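J.: let's see this in three dimensions:
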Amino acid sequence: MNHSSQKPVAVVILNWNGAKMLEHYLPSVVSGTSSGLADIIVADNGSDDNSIVLLKQKFPQVGIISLDRNYGFAQGYNLAIKQLGHKYIVLLNSDVATPCNWLEPLFGYMEDNPGTGACQPKILSDAEHDSFEYAGAAGGYIDANGFPYCRGRLFDTVETDSGQYDTVAKADWVSGACFFVRRQVYIDSGGLDASFFAHMEEIDLCWRIRRMGYELAAIPQSHVYHLGGGTLPMGNPRKTYLNFRNNLLLLNKNLPKKVRRRKLFIRRLYDTLAGAVFLVKGNMADAQAVLRAHIDFRKWRKKTSPGPDAPELDLTRDKPNIIIQYYLKKRRFFSEI
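T.: Residues are numbered from 1 along each chain as shown. Predicted structure coming up:
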């Protein structure tokens, strides 16, 4: 595989022992992606299943970057992307199906808008093709207290896609399920932060890209289908722990210094309330996960610097409070807030 290809785009799928997922989803990526526009590359995190054999036998047109061990999501991508010379990179989850010509609208937008650092397509559910998918939907945002939400998804309410968000929109973050980014911007930003382990690392990366002066966009003229939930199932205490801990890390790393302490204090009050609700509902495992997330955040807070000396940017400024909108005002759709 010539990793310094003349093609402008590399579609990179990170894999670890995911032969079954590759066998199911890779055919759509191969058939739906213009071979003149992009190389398709699987970055393998030291798999010990039959992933490599499968790729060589059934997908000879797909390039392989073999890493010597499992470096995890963030570091695996970082190491793979450093080996590539393409102008653009698409970080594509292994559980994403792509229809024909999904890449052209994203590529065209990025070529026409040099001030945009990264973008995403409309992300629909592979289980229900007329519903948005939880992780990204039609573009991601940050609320007044640092809670992520999407055009098409507020907390656990996922909307049906009826074309209501079919306009290009500027976003605060774009989904890691299908993350189209300028390679040089990815490298200059420092890439994905491995300390997040899983959940919200793409939001952290997006905030840093925004701080570099670039915009982000959701391009609904392209769409893909994401299975989702493949890493950790919903309602899993480990997922609860990572979501609460990583959200605090995200804010600590990226909020401007003058508002950081106040915003984190308010956010931790909300988290304490969430832990109390888990407790009242008898959900002891999730309540303990919230407590452990805060204890570990206090340990990590001193180790994680607020980030590079890029211009500060407060993505929570002039944003709605989605806790009040959702739970008190009972507004369930993005268009209502």
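J.: now residue 32: how far from residue 11?
T.: Residue 32 is 10 Å from residue 11, where distance means Cβ to Cβ, to the nearest Å. Every C-beta, even on glycine, is put in place using the N, C-alpha and C of the backbone.
J.: what does residue 167 give?
T.: 25 Å.
J.: who's more crowded, those two?
T.: Shown here are residue 167 and residue 11; by other Cβ atoms under 10 Å, residue 11 has more neighbours (28 against 12).
J.: beta partners for that one?
T.: With DSSP bridges as the criterion, residue 11 is bridged to residue 40, residue 90.
J.: give me every residue that touches it.
T.: Applying Cβ atoms under 8 Å, 6 or more residues apart in numbering, we find residue 11 in contact with 29, 33, 38-41, 90, 92, 103.
J.: of those residues, which pair is most distant in space?
T.: Maximum pairwise distance in these, criterion Cβ to Cβ, is 13.9 Å, between 41 and 103.
J.: count of neighbours near residue 132?
T.: So residue 132, with other Cβ under 10 Å, has 24 neighbours.
J.: quick check: phi and psi at it.
T.: phi -70, psi 160 (degrees, to the nearest 10).
J.: not counting its neighbours along the chain, what's nearest it?
T.: Closest residue to residue 132 apart from its sequence neighbours, by Cβ to Cβ, 6 or more residues apart in numbering: residue 152 at 3.6 Å.
J.: any idea how far residue 239 is from the one you found?
T.: Counting by Cβ to Cβ, the gap from residue 152 to residue 239 is 21 Å.
J.: settle it for me: which of those two has more neighbours?
T.: Set side by side, residue 152 and residue 239 show more neighbours around residue 152, with 29 against 18, by other Cβ under 10 Å.
J.: so what's the more buried one up against?
T.: Residue 152 neighbours (Cβ under 8 Å, 6+ apart): 132, 137-138, 158-159, 161, 165, 334.
J.: which of those fall within strands?
T.: residue 158 (DSSP state E).
J.: possible to save the contacts of residue 152 as JSON lines with pLDDT and distance to residue 78?
T.: Listed next are the contacts of residue 152 as JSON lines, based on pLDDT from 0 to 100; distance: Cβ to Cβ, whole Å:
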{"residue": "132", "pLDDT": "97", "distance to residue 78": "29"}
{"residue": "137", "pLDDT": "96", "distance to residue 78": "26"}
{"residue": "138", "pLDDT": "97", "distance to residue 78": "27"}
{"residue": "158", "pLDDT": "95", "distance to residue 78": "30"}
{"residue": "159", "pLDDT": "97", "distance to residue 78": "33"}
{"residue": "161", "pLDDT": "98", "distance to residue 78": "33"}
{"residue": "165", "pLDDT": "98", "distance to residue 78": "31"}
{"residue": "334", "pLDDT": "96", "distance to residue 78": "32"}
